[in-house]
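**Student:** Sharing a sequence plus its predicted fold:
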Amino acid sequence: MKRKSFSKNIRGQVWVETVIYLLIAFVMMGLVLSFIRPKIEELRDKAIIEQSLEIIKDMDNLIITIGSPGNKRLIEVGVRKGELVIDSLSDKITFKMDSRYMYTEPGKVVDIGNIQALTEENGKNSEITLERDFSDEYNITYKGEESIKTFAKVSAPYRIFITNEGELSNKIVINFDTE
């Protein structure tokens, strides 16, 4: 009779050990994820910032090389995080995004070609701003008007048409339009 009770105790002990090992494994995975996830988010944000910088550079290049009045170019712009702003009141194109990633030294404007980058601390996150100012040479409009157009996060890219509308007050008028 003693053998049967000894066998039941061993089975119970095996199940208890299995549950304890599973709990330890889940705790370890949770700890690893709590350290790795922020780093993954930072790397993703860095890639989005770099992509947005390239989009602004592409827009800048299109505007500079658009040629004579009446010429029209198409650019597809994907916004995965943050927002792209065409500010025709100030003749600027700006990308803004909240991120855990510090793109530049906080509080200092860094020139990247014609684009200015600024990182401002905002608690645990940073606000990244990439800005291209066209006010010296161009008059930027959106749908023929002086307004502010914000492109927010979407799954499909925006189709933006850039048109040279000719010269007005010694500045070339560049019109942005969407379908």
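**Tutor:** Great, that's in hand. If you're wondering where the values come from, they're calculated on a predicted model, not measured in any experiment.

**Student:** ok, how many other residues are close to Pro38?
**Tutor:** Other residues within reach of Pro38, judged by other Cβ atoms under 10 Å, total 13. C-beta coordinates here come from the backbone N, C-alpha and C atoms, glycine included.

**Student:** wait, is it part of a helix?
**Tutor:** Yes - under DSSP: H, G, I helix; E, B strand; the rest coil, Pro38 sits within a helix.

**Student:** Please look at it and Ser99 and confirm they touch.
**Tutor:** No - counting by Cβ atoms under 8 Å, Pro38 stays clear of Ser99, with 11.2 Å between them.

**Student:** Give me the pLDDT for Arg3.
**Tutor:** Here, the pLDDT recorded for Arg3 equals 51.

**Student:** which helices and strands sit right next to the worst-scoring helix or strand of the chain on mean pLDDT?
**Tutor:** One helix or strand of the chain scores below all others by mean pLDDT, DSSP states H and E: helix 2-65, with a mean of 85. If you count contacts as 3 or more Cβ pairs under 8 Å, 6 or more residues apart in numbering; DSSP states H and E, helix 2-65 packs onto strand 72-77, strand 92-99, strand 115-122, strand 125-133, strand 158-168.

**Student:** between the ones you listed, which one is nearest to Ile148?
**Tutor:** Ile148 lies closest, by Cβ to Cβ, to one member of the helices and strands packed on helix 2-65: strand 92-99, at 9.7 Å.
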